[in-house]
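Student: Prediction below, plus the sequence it came from.
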Amino acid sequence: MHISAKADYATRALLELAREPARPLTCEAIASSQRIPFRFLKSVVGELRKGGLVRSQRGCEGGYWLGRPAEDITLLDISRVVDGELITLRGESLATLDYPGAAAALPGVWRRIETDAAAVLGGVTVASLLSMGAGDVPRKGAA
């Protein structure tokens, strides 16, 4: 499974916003604190805004805030907003994948991997990540 730079940067940006939810943050501040390329982050934050995960305000008091509570934003939400389908095969959805003969069972395995990955990502919220230590690993049912 490939985790895109967009998904990683988007998650890190949302974590920065969730850390101090009462005040807006600029893309410059987020990029600097997370060592993310500013131009790339700007486009990622635009996608997060379109997806409802962040909201923005222009002006000297402006910046970005979370679009909904950190407890309600999962890694699955983030991944789907910035990347679309969770797992694809050669850019195609796994839903209609069908192989003949000896490989007939393989699409079911790919779909199972997608289902399991979605369950893990859907069980980890931005809020739960903030409460974890650097070495903590989310456990099933504990996220």
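Tutor: Arrived safely, thanks for sending.
Student: What's the local residue count around L94?
Tutor: L94 sits with 18 neighbouring residues when counted by other Cβ atoms under 10 Å. No exception for glycine: its C-beta is placed from N, CA and C like everyone else's.
Student: and it, what is it in contact with?
Tutor: L94 makes contact with E85, I87, T88, P107, W110, R111, E114, according to Cβ atoms under 8 Å, 6 or more residues apart in numbering.
Student: and if we set it to 7 Å?
Tutor: I87, P107, W110, R111, E114 (Cβ atoms under 7 Å, 6 or more residues apart in numbering).
Student: repeat for R80
Tutor: L86.
Student: And the helix or strand where D8 lies, how far out from the chain middle?
Tutor: Assessed by DSSP states H and E, D8 sits inside helix 5-19. Put simply, helix 5-19 sits 7 Å off its chain's centre (Cα atoms, centre = their mean, to the nearest Å).
Student: contact partners of that helix?
Tutor: 25, 30, 33-34, 36, 40-41, 44-45, 48, 53-54, 64-66, 70, 73, 75, 78-79, 82-83, 126-127, 129-130.
Student: same question, stretch 116-128
Tutor: 1, 14-15, 18, 70-71, 73-76, 79, 86-87, 138, 140, 143.
Student: Minimum pLDDT in these, which residue is that?
Tutor: Ranked by pLDDT, the contacts of stretch 116-128 bottom out at A143 (44).
Student: By residue count, what's the longest helix in the protein?
Tutor: Taking DSSP state H as the criterion, the chain has its longest helix at helix 106-122.
Student: distance of the spatially most central residue of the chain from W110?
Tutor: Nearest to the geometric centre of the chain sits I78, at 2.6 Å (Cα atoms, centre = their mean). According to Cβ to Cβ, to the nearest Å, I78 and W110 sit 22 Å apart.
Student: returning to that earlier point: show the subsequent helix or strand relative to the longest helix of the chain.
Tutor: helix 126-131.
Student: I'd like the average pLDDT over that following helix.
Tutor: Rounded mean pLDDT across helix 126-131 is 94.
Student: Now for A103: which residues touch it?
Tutor: With Cβ under 7 Å, 6+ apart, A103 has no contacts at all.
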